[in-house]
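J.: Quick one: sequence plus predicted model below, questions after.
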Amino acid sequence: MAGDSILFYALSFLIIYFALGVLMNPNPIKAAFNLVLAMVGVAGVFFHLQSGFLGGVQLAVYAGAVMVLFVMVLMIFDLKKERDAFSQGFLGNIGKLLAAGIVVSLVINNVILSSDLQLATSNAAKAESGRDTTKILADLIFTEYVFAFEVLGILLLLVAIGAVSISRIKGGTHADS
């Protein structure tokens, strides 16, 4: 096995480990820290695949956003009261494992077994032909996947609106008294 494969599999294992740490940890602070480490691992995979732009965006946007989430959790929530909201029992952990299994099976079904793998391989061949990977990514996002890109923008807007509305609900530990 080549050194590149070993590094890729090591980073993949760490990403899965920290992602499971997000799911299994009842402490929101530790879960947010695990999420940051998972995002850094994904950035490492991007850098390993010689896509520096995506790695930089992953670090700056996603890992940075998770750190902001981390600070907001510390500021908004009363962690002693919120700890009871997380299921810590056997059934809660079984549910989390079941959810993780469903996600893994969906990834296996959609990525490994689909014909999109051929599209990804052809795009990788284009990237090796000397074109800039950032230009290839921009061409794909704004031509073939423009609808999905717009839907993602709307989804992110709805998430921001939902977060603000949830933080204003009366009666929660994080609401104004």
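T.: Thanks, I have it.
J.: Just the CA atoms of the helix or strand harbouring residue 75, as PDB, please.
T.: Secondary structure from DSSP states H and E places residue 75 in helix 64-76. Only the C-alpha atoms of helix 64-76 are listed here, as PDB (Å, rounded to 0.1, in the frame of the first residue of the first chain):
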ATOM      1  CA  GLY A  64     -14.500  28.600  11.700                       C
ATOM      2  CA  ALA A  65     -18.300  28.400  11.700                       C
ATOM      3  CA  VAL A  66     -18.100  25.500  14.100                       C
ATOM      4  CA  MET A  67     -15.900  27.500  16.400                       C
ATOM      5  CA  VAL A  68     -18.500  30.300  16.300                       C
ATOM      6  CA  LEU A  69     -21.100  27.700  17.100                       C
ATOM      7  CA  PHE A  70     -18.900  26.500  20.000                       C
ATOM      8  CA  VAL A  71     -18.800  30.100  21.400                       C
ATOM      9  CA  MET A  72     -22.500  30.500  20.900                       C
ATOM     10  CA  VAL A  73     -23.200  27.300  22.900                       C
ATOM     11  CA  LEU A  74     -21.200  28.600  25.700                       C
ATOM     12  CA  MET A  75     -22.900  32.000  25.700                       C
ATOM     13  CA  ILE A  76     -26.500  31.000  25.100                       C
END
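J.: Would you mind pulling up the elements that it packs against?
T.: In this structure, helix 64-76 makes packing contacts with helix 28-48, judged by 3 or more C-beta pairs under 8 Å, 6 or more residues apart in numbering; DSSP states H and E. Heads up, the C-betas are built off the backbone N, CA and C, glycines and all.
J.: Mind checking the pLDDT average for the helix it packs on?
T.: For helix 28-48, mean pLDDT is 86.
J.: residues making contact with stretch 53-66?
T.: The contact list for stretch 53-66 (C-beta atoms under 8 Å, 6 or more residues apart in numbering) reads 32, 35-36, 39-40, 42-44, 46-47, 133-134, 137.
J.: where's the closest residue to residue 69 other than its chain neighbours relative to residue 135, distance?
T.: Ranked by C-beta to C-beta, 6 or more residues apart in numbering and with sequence neighbours excluded, the top spatial neighbour of residue 69 is residue 32, at 6.0 Å. Going from residue 32 to residue 135 by C-beta to C-beta, to the nearest Å gives 34 Å.
J.: Compare these two (neighbour count), which wins?
T.: When neighbours are counted by other C-beta atoms under 10 Å, residue 32 and residue 135 differ, and residue 32 comes out ahead with 20 against 11.
J.: how about low-confidence regions in the protein?
T.: 1, 73, 77-93, 106-131, 167-177 (pLDDT under 70).
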